[in-house]
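J.: Could you look at this predicted model? Sequence included:
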Amino acid sequence: MIAKKKKLRPLSARRTHQWLPLIFALGCGFALTPACSDPFGSCVASRSCAPTGGKQSVGGEAGNGGAATAGSSGAAGEAGSTSLPEACDADAPSTCLGSASPQQRVCKDGFWITSTCENGLLCDGSDGLCKPLIAGCADLAAGDAFCENDTRRLCGPDLVSTIDQKCAGRCERGACVSAACGDGKLQTGEACDDGNTDAGDGCSPSCSWEPIEVKLGAAFGCALFEDGRLKCWGSNQSGQLGNGSYIPRGMNPGELGPTLPTTLRNVTSFALGYEHACAVSNNGLWCWGSNAHGQLASGSVPKAAPTPTRVTLDATPVAVTAGAYHTCALLEDGSVECWGRNSSGQLGRYDAVDDKQDYEPQAAGETLPPVPLDGKALALSAGGQSVCALVAPKAVKCWGGNSSGQLGNGSDLDIGKLATDSLPSEVNLGSNLLPVGVTMGWDHTCAWSAAGALKCWGNGYSGALGYENDSSLGASPGDLGTRLAAVPLSEQVTSAAAGRWTTCAVLASGGVECWGLGDSGQLGRPDLAISALGDDAGEMALLAPIDFGDDGKAKSVALGGAFGCVLLARGAIKCWGDNSFGQLGIGSTETPTEFGNALKETILD
């Protein structure tokens, strides 16, 4: 029996499921793996799976969606092939994708993914974490440096960290440089450093404190420094220098400068009388020197005190002024209290029973009656036996001795002592002068306006008023108001000082002009033969500003018994006139023969 041949089916018709494992093994490198989860196929080991919508390419065959070359994987299905995420350990650290980049490579759910830092943060290459950009590195590149105070900060590679270096000197433009005066960093040997080398701003170009105010007594002076120190020099027979002795300072070399003692610290206001002084500091009011008439306001102090003595008042003092033998304090509420000699009513007490009664406080803290000003005082200035106050809003009111009309009330009667005396009244300066400042000399007074006009009244001896005569003004109503003319000066004034029949004004240009008595050189002029200026016709027109040099603009001027001093805008003090007790502060008793720019500077610090 002839066996009947079995008809073979075409290969394509044969069952192929038996070959599929081998085919996939060949396509996946013989690594049989579990099927890829939807939407992928099964080639996890090769990191390439075919989407379920098309055929997986094997051995170079092309799927439905693309062609393939021999030995390569074709595009899978219609969408092509897709790379699988790379596996990672759960605790694998993040890494950065580039420098100064917000891109991270983060391990999530067992696979690496790309993530972007939020809120403008950048990836730190040292730990792969998102961190804020260092502000100083915002406009810099990695490796550049910037300064933060005295620290040099080097920007790291990702601009989120810095390498910091504390400079021994100062940091400038991203580099450490050597320390120097004017760099704003206080170094050994510097008293101050305000970040510049400008003069006249309180800290000198050599980084020492500068004086900011100078005032004078009969034959001594004191200067207040920017740091609140008060230093005094000159005559000291009553202990008015406040240094614990009765020995004058300034008559010999070596007595000034760094060796000149500091009288008081943390001072905000001070004033000098004939032979006593007072100052307001951060812990109250202090006075020293002569106490012959109770001007130190302490019954426990003998006739003189060579060191500062505390004065207790009813309220907090903010400013002080001193006359010849009396003292007045401006309190924080705008009231004024006075003590010391009261021979002419200069204390403004209005409680004496007769003209012979004087007033000397017997104990510290004794209640003092305020001067009845009918307004808040803004500033004070005391003369020989008188006091004037600048009262809000813009009025001058005076009390005390008035023999020369220095109170400006149209009479020559003293006020302020007897209960029957008239109260301080506003000085009639006329509508053409609204006062912003007032100064009293021994027995004459001057006030100036914001517009730069200056008017003076009182004793005109030696031309002290500047009206080219020696007549006194103010004792008659007809002397005042608009009839009282402005002193004829070459420029507008910014401030003035009245002394013992001498007056000086600071001009708008920074110059200084002085007139009146000049028998001791207190006018600051080279022609010492002039004993008076301003008492004859035509003299004021010839008055020329004192030349203190190209950098010699005046900030303020002060007058004492028979000498004067100027504080220059650059922070130097120069003095002229009588120097019998070294009050010019030049380390000798020589009388200057050259003036202006040729004057020696005081040696104070």
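T.: That came through fine.
J.: Tell me the predicted confidence for Ala297.
T.: You'll see Ala297 listed with a pLDDT of 87.
J.: So it is in contact with Val311, correct?
T.: Yes. Contact criterion CB atoms under 8 Å: Ala297 and Val311 qualify, at 4.5 Å. From N, CA and C alone the C-beta is placed, and that goes for glycine too.
J.: Looking at these two now, which is surrounded by more residues?
T.: With neighbours defined as other CB atoms under 10 Å, Ala297 and Val311 compare such that Ala297 has more, 28 against 22.
J.: Who is Ser386 paired with across the strands?
T.: Counting by DSSP bridges, Ser386 forms beta bridges with Gly400.
J.: what's the neighbour count on it?
T.: Burial of Ser386 is recorded as 32 neighbouring residues (other CB under 10 Å).
J.: how far away is it from Ser404?
T.: Distance of Ser386 to Ser404, computed by CB to CB, to the nearest Å: 10 Å.
J.: which neighbours do these two share?
T.: Counting by CB atoms under 8 Å, 6 or more residues apart in numbering, the shared contacts of Ser386 and Ser404 are Asp443.
J.: Using CSV, write out the CA atom coordinates for stretch 225-234.
T.: Provided in CSV are the C-alpha atoms of stretch 225-234 (Å, rounded to 0.1, in the frame of the first residue of the first chain):
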residue,chain,number,x,y,z
PHE,A,225,34.4,117.3,69.2
GLU,A,226,32.2,115.2,67.0
ASP,A,227,32.5,112.2,69.4
GLY,A,228,31.1,114.3,72.3
ARG,A,229,34.3,115.1,74.1
LEU,A,230,34.8,118.6,75.5
LYS,A,231,38.3,120.0,75.8
CYS,A,232,39.2,123.3,77.4
TRP,A,233,42.4,125.5,77.5
GLY,A,234,43.6,128.9,78.6
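J.: how about the helices in the protein?
T.: 20-27 (DSSP state H).
J.: just for this structure, where's the confidence low?
T.: Counting by pLDDT under 70, the chain shows low-confidence ranges at 1-83, 299-300, 353-366, 528-529.
J.: same thing but at 50, please
T.: Residues of the chain meeting the criterion pLDDT under 50: 1-81, 362-364.
J.: How are the strands of the stretch 51-200 of the chain distributed by residue range?
T.: Along the stretch 51-200 of the chain, the stretches classed as strands by DSSP state E, counting those that start in this stretch are 82-83, 95-96, 103-108, 111-116, 122-123, 130-131, 145-148, 151-155, 162-166, 170-172, 175-177.
J.: Would you mind giving these as JSON lines with mean neighbour count added?
T.: Below are the strands of the stretch 51-200 of the chain laid out as JSON lines (neighbours: other CB atoms under 10 Å):
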{"stretch": "strand 82-83", "mean neighbour count": "11"}
{"stretch": "strand 95-96", "mean neighbour count": "19"}
{"stretch": "strand 103-108", "mean neighbour count": "16"}
{"stretch": "strand 111-116", "mean neighbour count": "13"}
{"stretch": "strand 122-123", "mean neighbour count": "25"}
{"stretch": "strand 130-131", "mean neighbour count": "18"}
{"stretch": "strand 145-148", "mean neighbour count": "18"}
{"stretch": "strand 151-155", "mean neighbour count": "20"}
{"stretch": "strand 162-166", "mean neighbour count": "13"}
{"stretch": "strand 170-172", "mean neighbour count": "19"}
{"stretch": "strand 175-177", "mean neighbour count": "15"}
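J.: So which of the ones you listed is nearest Leu473?
T.: strand 170-172 (59.2 Å; CB to CB).
J.: Count the neighbours of Ser411 for me.
T.: Neighbour tally, Ser411, other CB under 10 Å: 16.
J.: about what we covered before: Asp547 is nearest to which of the strands of the stretch 51-200 of the chain?
T.: Among the strands of the stretch 51-200 of the chain, strand 170-172 sits nearest to Asp547 (CB to CB), with 38.9 Å.
J.: roughly how far out does that closest one sit from the chain middle?
T.: Centroid separation for strand 170-172 versus its chain: 22 Å, with CA atoms, centre = their mean, to the nearest Å.
J.: ok, now stretch 261-276?
T.: 22 Å.
J.: got it, and stretch 431-440?
T.: 29 Å.
J.: Would you mark the buried spots in it?
T.: For stretch 431-440, the neighbour count (16 or more other CB atoms under 10 Å) marks Leu433, Pro435, Val436, Gly437, Val438, Thr439, Met440 as buried.
J.: Mind checking which of these land in strands?
T.: Judged by DSSP state E, strands contain the following of the buried residues of stretch 431-440: Pro435, Val436, Gly437, Val438, Thr439, Met440.
J.: out of those, who's nearest Thr482?
T.: Pro435 (14.4 Å).
J.: Show the contacting residues for the closest one.
T.: Leu390, Lys394, Ala395, Val396, Leu429, Ala447, Trp448, Ser449.
J.: Report the beta-bridge partners for it.
T.: Ser449.
J.: Can you tell me how far it is from Gly405?
T.: 17 Å.
J.: Repeat that for Ile163.
T.: If you go by CB to CB, the gap between Ile163 and Gly405 works out to 77 Å.
J.: ok, now which ones touch the closest residue to Gly383 other than its chain neighbours?
T.: Nearest residue to Gly383, sequence neighbours excluded (CB to CB, 6 or more residues apart in numbering): Met440, at 3.4 Å. Met440 makes contacts with Gly323, Ser381, Ala382, Gly383, Ser386, Val387, Cys388, Cys398, Gln406, Ala498, as judged by CB under 8 Å, 6+ apart.
J.: and the closest residue to Ala537 other than its chain neighbours, how many neighbours?
T.: Of all residues not flanking Ala537 in the chain, Glu468 sits nearest, at 5.1 Å (CB to CB, 6+ apart). By other CB under 10 Å, 20 other residues sit near Glu468.
J.: what residues are up against Glu468?
T.: Here Glu468 is in contact with Pro488, Gly534, Asp535, Asp536, Ala537, Gly538, Glu539, Met540 (criterion: CB under 8 Å, 6+ apart).
J.: got a list of what the fourth one touches?
T.: By CB under 8 Å, 6+ apart, the contact set of Asp536 is Gly463, Glu468, Asn469.
J.: Ramachandran angles for it?
T.: Taking degrees, to the nearest 10, you get phi -130, psi 150 for the backbone angles of Asp536.
J.: do the same with the one 3 residues further on
T.: Dihedral angles phi and psi of Glu539 (degrees, to the nearest 10) take the values phi -70, psi -40.
J.: thinking it is in contact with Gly463, fair?
T.: Yes. Using CB under 8 Å, Glu539 is in contact with Gly463, at 7.0 Å.
J.: so what sits against both of these two?
T.: Trp515, Leu533.
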